[in-house]
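Participant: Sequence unavailable; structure follows:
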């Protein structure tokens, strides 16, 4: 999903993330590749790794090979759709995911993936509907709750967005991006003290002040935006707030 300002890049937006970093990883177990099911899952693990690493062309090639070998697996469909979306093949990704949800209407992962793809395709209503389906199936999925909160905030339903972000953080309290999302939603409600406190829990003080500046600017409060940008620059000369200050103080500059 495209962001309105660079501020969103400090942690606001739809995202896919793995298990929390503080969760102890299980000891690796070598799969028994003589068993067809374990071999198939190992192949899909490789495909997922390629997608996660951004090796999209390789991922699409592997997905095509697996499909050509006769593999039929919803996980393959989801990973191939994710790779297609990363390649800009949005219509194909949507078509594949809709096929999965028709065949497996209780596949929460497919509904969630469809919501993200539709959001990137600027179909907010379709994305919300898909994510609501995913939420009904997995009500405690932190990623679904965050993504639904972001789209709800984009539609101006800020109090509901706050509730969704808070619910997401109950499940994944260490997720900085969701904390930033919550900060933006609180700022939209002009709950600035809470918003700044929330931004502070997500990063450095300079980042918090910059994001608060962005939030104020987005709602048209230029004076407060300048105050927060100045505070961010005073804390870190590397902050993108410097560019934001120049833009606001010298709008005639190219």
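Facilitator: Received the coordinates, thanks. Note that the structure is predicted; figures quoted are calculated from it, not measured.
Participant: pretty sure residue 176 is in contact with residue 202, am I right?
Facilitator: Yes - applying Cβ atoms under 8 Å, one finds residue 176 in contact with residue 202, separated by 4.2 Å. (C-beta placed from N, C-alpha, C; glycine too.)
Participant: Which one's more surrounded, these two?
Facilitator: With neighbours defined as other Cβ atoms under 10 Å, residue 176 and residue 202 compare such that residue 202 has more, 22 against 14.
Participant: so what's that one up against?
Facilitator: 11, 176, 177, 179, 180, 183, 208, 211 (Cβ atoms under 8 Å, 6 or more residues apart in numbering).
Participant: Next, it: secondary structure please.
Facilitator: coil (DSSP: H, G, I helix; E, B strand; the rest coil).
Participant: Now do the same for it: its pLDDT.
Facilitator: Note for residue 202: predicted pLDDT of 95.
Participant: Residue 37 now?
Facilitator: 78.
Participant: which ones among the contacts of residue 202 are found in helices?
Facilitator: Residues of those located in helices (DSSP state H): 176, 177, 179, 180, 183, 208, 211.
Participant: Please report how far residue 111 lies from residue 120.
Facilitator: In this structure, residue 111 lies at 15 Å from residue 120, with Cβ to Cβ, to the nearest Å as the measure.
Participant: Compare those two (neighbour count), which wins?
Facilitator: A count of neighbours by other Cβ under 10 Å puts residue 111 above the other of residue 111 and residue 120, at 25 against 18.
Participant: which element follows the strand or helix carrying the more buried one toward the C-terminus?
Facilitator: Counting by DSSP states H and E, the element that carries residue 111 is helix 108-120. The helix or strand immediately downstream of helix 108-120 is helix 124-137, counting by DSSP H and E.
Participant: Which elements pack onto that following helix?
Facilitator: helix 108-120, helix 142-154 (3 or more Cβ pairs under 8 Å, 6 or more residues apart in numbering; DSSP states H and E).
Participant: What helix or strand is residue 100 located in?
Facilitator: Per DSSP H and E: helix 90-103 holds residue 100.
Participant: May I see the buried residues of the worst-scoring helix or strand of the chain on mean pLDDT?
Facilitator: Lowest by mean pLDDT, DSSP states H and E among the helices and strands of the chain is helix 36-52, with a mean of 87. Within helix 36-52, the residues that count as buried by 16 or more other Cβ atoms under 10 Å are 40, 43, 44, 47, 48, 50, 51.
Participant: Likewise for stretch 237-244?
Facilitator: Judged by neighbour count using 16+ other Cβ under 10 Å, the buried positions of stretch 237-244 are 239, 240, 241, 242, 244.
Participant: Need the mean per-residue confidence for it.
Facilitator: On average, stretch 237-244 scores 92.
Participant: what bits of the stretch 151-254 of the chain have low per-residue confidence?
Facilitator: When residues are selected by pLDDT under 70, those of the stretch 151-254 of the chain lie in 253-254.
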